[in-house]
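>>> dropping the sequence and predicted coords here.
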Amino acid sequence: TMLEMISRSLDLYKMEQGLYRFEPQPVDLIPILKRVINDNGALVRTLRLSVELHHEAGSGETFMVPGEAPLCYSLLANLTKNAMEASPKQGGIAINLHRDAAGSLVSIHNQGVVPAEIRDHFFEKYATAGKSGGTGLGTYSARLMIQTMGGDISFLTSEEHGTKVTVRAEGDWKERLA
């Protein structure tokens, strides 16, 4: 785990400098997200959260995107953990995978609200509010990783609907890997 963290830190530095060499491979997001949920099991139990993973793929099917598995894991782990920490106790986290004409989408929804003071710079380096021990690097690094992989990230937040972060991988994964 420590080696993986050091490796991701070096990768982030290379991404910031424009030196990272992205080598896309077919990545199945379903087992990655199941691992992310499992790895956060202690947090889920402590906060008594419900976590649901919804996807178009049926049982035993895949949800493939072009990417690098370690980057996909890291960005989805950051966003999922943020959603869990921002969720009220006994809240729900919904992770949805779906495709549209423009590409593949992963959305992570929780019932918490992004504080007004960081909304305008939510994806910027060191943007954090109200989290003890928070570094402000989770959403920043997620944005850096998805942009490196040719995608984009956005969020919507409101008192009424909570917060939904959406990651988009552009285009058809089969065409991008051809």
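Structure received.

>>> select the longest helix from this structure.
Ranked by residue count under DSSP state H, the longest helix found in the chain is helix 69-86.

>>> pLDDT value on the most centrally placed residue in the chain, please?
Nearest to the mean C-alpha position of the chain, by CA atoms, centre = their mean, lies residue 76 at 2.9 Å. Residue 76 carries a pLDDT score of 96 in this model.

>>> so where's the protein shaky on pLDDT?
Residues of the chain that meet the criterion pLDDT under 70 lie in 1-2, 57-60, 126-136, 171-178.

>>> and the longest helix of the chain, what other elements does it pack with?
For helix 69-86, the elements it packs on are helix 2-17, strand 25-28, helix 29-39, helix 41-47, strand 92-100, strand 103-110, helix 138-148, strand 162-170, judged by 3 or more CB pairs under 8 Å, 6 or more residues apart in numbering; DSSP states H and E. To be clear about C-beta, it is placed using only N, CA and C from the backbone, and glycine gets the same treatment.

>>> now do the shortest one: distance to the chain's middle.
Strand 25-28 has its C-alpha centroid displaced from the chain centroid by 16 Å (CA atoms, centre = their mean, to the nearest Å).

>>> stretch 100-108 too?
13 Å.

>>> equivalent analysis for stretch 11-31, please.
Centroid displacement of stretch 11-31 relative to its chain, using CA atoms, centre = their mean, is 14 Å.

>>> list the buried residues in that stretch.
In terms of neighbour count (16 or more other CB atoms under 10 Å), stretch 11-31 has its buried residues at 11, 12, 15, 20, 24, 27, 29, 30.

>>> out of those residues, which comes closest to residue 85?
Using CB to CB, residue 12 is the member of these that lies nearest residue 85, at 20.4 Å.

>>> show me what contacts the nearest residue to residue 152 once chain neighbours are set aside?
Closest residue to residue 152 apart from its sequence neighbours, by CB to CB, 6 or more residues apart in numbering: residue 168 at 5.1 Å. Taking CB atoms under 8 Å, 6 or more residues apart in numbering, we find residue 168 in contact with 102, 103, 104, 105, 146, 151, 152, 153, 154.

>>> what about residue 168, distance to residue 87?
As judged by CB to CB, to the nearest Å, residue 168 and residue 87 stand 23 Å apart.

>>> likewise for residue 144?
24 Å.

>>> also residue 18?
Taken as CB to CB, the span from residue 18 to residue 87 is 35 Å.

>>> again with residue 33
Taking CB to CB, one finds residue 33 at 17 Å from residue 87.

>>> and for residue 93?
Using CB to CB, residue 93 is found at 6 Å from residue 87.

>>> kindly report the same for residue 158.
In terms of CB to CB, residue 158 sits 15 Å off from residue 87.
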